[in-house]
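Asks: generate a structure from the sequence data that follows.
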Amino acid sequence: MTVRQGYTVENDPDLGGALAFAAERGFEFVELNMEHAFERRRIDPDAVADTLAEHGVDVTVHLPYRLDPGSPHEHVRDGACRELGAALDAAATLGAERAVMHASSGAHADRWDADEIRAVIFDSVRRVDAAARDRGVELVVENLKSPFFDAADFPRLFERTDASACLDTGHAHVSGVDGTEQAALLREHGDRIAHVHLNETRNDREDEHLPVGLGVVEFGPLARAMVETDWEGTCTHEVYGFDRAYAAYGKAAFDRLLADARGTDR
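Replies: Residues are numbered from 1 along each chain as shown. Predicted structure coming up:
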């Protein structure tokens, strides 16, 4: 079993400091948010790649998500897919192993048929997945809290596309998929779930992106599923906060769960 852990770097202006922290605390990669500070036009991808190499830290990216790849309007979808393709160009230059995509739609759920919207979402996923493969990057499609695509729709995603998935624990919890059910998804579809967003929430209504151990999500079953199935993948501690130490807190908590599942001290 190889579970590699990283953390989200969203708006941190000190990339060198963020990478030094990652190396110091045992994170093997960072996930750069390309919606904000690492938007493709705001960065020099070659320079960022050099900085990553200097610190010996790998990289995954979160593609821009204020887009509408699931729009019922074809030209809106086309624009979203083209922007995601351009972001993938930058991601490939960075040396990103994986790129997270939101399979989202801005369509009104009470005005559009859910199956119709899912069909166009999957069309866009296939298009972006092909673009990612052409660039040597693995696309991972993230579950959302959405009437059109959530964790329960992973089997549909796997049936209708060749894309891999990103299981977001907080999104899954607030869409009614608890920790035991998340573990079951990983046990059944671990060959397609390549990436996990580890984050907590204290309620059943909205994800708060807290560190593992500070909310109500059950992570023990997921850790056991990873160990017992010899799952190999990446886990990002997708924690929103001003202090990097919160991500390290979450990693320490998840490390303990993995150790418990293995029956070891660490």
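
Asks: ok, residue 100 - contacts?
Replies: Going by Cβ atoms under 8 Å, 6 or more residues apart in numbering, residue 100 touches 31, 60, 61, 62, 63, 140, 141, 142, 166, 195, 197. C-beta here means a position set from N, CA and C on the backbone, and glycine is covered the same way.

Asks: pLDDT wise, what is the closest residue to it other than its chain neighbours at?
Replies: Using Cβ to Cβ, 6 or more residues apart in numbering and skipping residues adjacent in sequence, the residue nearest residue 100 is residue 62, 4.5 Å away. Note for residue 62: predicted pLDDT of 99.

Asks: ok, now which ones touch residue 233?
Replies: Going by Cβ under 8 Å, 6+ apart, the list of residues near residue 233 reads 2, 3, 4, 190, 193, 194, 195, 196.

Asks: recalculate using a threshold of 10 Å.
Replies: Residues in contact with residue 233 (Cβ atoms under 10 Å, 6 or more residues apart in numbering) are 1-4, 98, 140, 164, 166-167, 186, 190-191, 193-196, 226.

Asks: which of those are buried?
Replies: 3-4, 98, 140, 164, 166-167, 186, 190, 193-196, 226 (16 or more other Cβ atoms under 10 Å).

Asks: follow-up on the earlier one: the residue nearest to residue 100 - how many residues pack around it?
Replies: 29 (other Cβ atoms under 10 Å).

Asks: surely it meets residue 39?
Replies: No. Using Cβ atoms under 10 Å, residue 62 is not in contact with residue 39; the gap is 11.1 Å.
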